[in-house]
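*Asks:* sequence first, predicted coordinates after that:
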Amino acid sequence: MNEVYIMPISINQSTPSFFSQRNIQQSQDSIQSSLEKLSSLIAINRASDNPSGLFISQGQTSDINALNQSVRNASDGISLTQTADGALSSVTQNIQRIRELAVQSANGTVEGREVLQLEADQLTQELSRTLGNTEFNGQKLFDGSSSELNFQVGSEGGSGNQIKVNLESLTGLNAFSSDENGKLTIDLSSQSTAQSAISSLDSDLDSVVKQRASFGASENRFSSSISTSQDRVFNLEESRSRILDTDLAKEASALVQAKIRNQAGISTLAQSNVSAQSVLSLLK
């Protein structure tokens, strides 16, 4: 009697069913990835999405944050120089007026030098008060307590990323008095003392104007630094955007393709199941 050999059939592990299930899983993963990118508008939601892109973008983010802070630091520098220049502008006007009074008192026919002296005393007192009390964020600017201030205006450490602002002490001016109520700081009580005061005031004006020029140069440098940092931030943000931002057209297309593959996989799996059922019906 001849034996009949029946080929074994594995319903659950048939080749079409296996490939269909794998394709369905892959398409579902693609759908999930595309939905994440479209909803967050970020192309890298986890490190596995793009490890090298994540590394580069995080370094760029660090530089962007540092540069933005350096812009704020430079803005503080501009505020300081403007504060200092405003105070020195007032001091300059006072010295100019005192010098005018000195020239008047140096004239041999002038009368009422005591009145000229009274005004000069008031001006020197105000000048001394301004120089002794002008400050920025608690830092005295003209009393000699600090000779310089360093501002961090770059994203990296080192002196190459700093701007130094020199603070010259102006308490040595001839028109300055440590006693804000002091009198005869500039003596206009006689023709000879008034003549001597003129050259002293010229020296004061030179010192003040030089300090103002230094502040003006520093302010221009701060402005240039801000412009440079802002340009770098713009370029870094553009570069980072190309790495991190979702390409909406690309991801929308990928989502549609993944959905089509998913539906095709489901249809194939269903057809595979129908074929398996047909084989079972023949065995009844």
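*Replies:* Nice, I can see it.

*Asks:* and the average pLDDT for the helix or strand hosting Q257 is what?
*Replies:* Applying DSSP states H and E as the criterion places Q257 in helix 248-283. The average pLDDT for helix 248-283 rounds to 60.

*Asks:* likewise for stretch 63-75?
*Replies:* On average, the pLDDT along stretch 63-75 is 95.

*Asks:* run through who's touching it.
*Replies:* By Cβ atoms under 8 Å, 6 or more residues apart in numbering, the residues outside stretch 63-75 that reach it are 151-156, 161, 163, 222-223, 225-226, 229-230, 232-233, 236-237, 240. Where C-beta positions appear, they are placed from N, C-alpha and C, glycine not excepted.

*Asks:* hmm, 10 Å instead?
*Replies:* Outside stretch 63-75, the residues that touch it by Cβ atoms under 10 Å, 6 or more residues apart in numbering are 151-156, 161-163, 219, 221-237, 239-240.

*Asks:* the residues you listed in strands, which ones?
*Replies:* F151, Q152, Q162, I163 (DSSP state E).

*Asks:* if I pick the closest residue to F215 other than its chain neighbours, what's in contact with it?
*Replies:* Closest residue to F215 apart from its sequence neighbours, by Cβ to Cβ, 6 or more residues apart in numbering: T81 at 4.3 Å. Counting by Cβ under 10 Å, 6+ apart, T81 touches 136, 141, 165, 212, 214-222.

*Asks:* repeat that with 6 Å
*Replies:* The contact partners of T81, taken as Cβ atoms under 6 Å, 6 or more residues apart in numbering, are F215, S218, E219.

*Asks:* returning to that earlier point: widest-spaced pair of the ones in strands among the contacts of stretch 63-75?
*Replies:* Q152 and I163 (8.5 Å; Cβ to Cβ).

*Asks:* got phi/psi on the residue most central in space within the chain?
*Replies:* Nearest to the geometric centre of the chain sits N68, at 1.7 Å (Cα atoms, centre = their mean). Per-residue torsions, N68: phi -60, psi -40 (degrees, to the nearest 10).

*Asks:* ok, it to T83 distance?
*Replies:* 23 Å (Cβ to Cβ, to the nearest Å).

*Asks:* buried ones in stretch 113-124?
*Replies:* R113, L116, Q117, A120, D121, L123, T124 (16 or more other Cβ atoms under 10 Å).

*Asks:* repeat for stretch 193-209
*Replies:* Within stretch 193-209, the residues scored as buried using 16+ other Cβ under 10 Å are T193, A194, S196, A197, I198, S200, L201, D204, L205, S207, V208.
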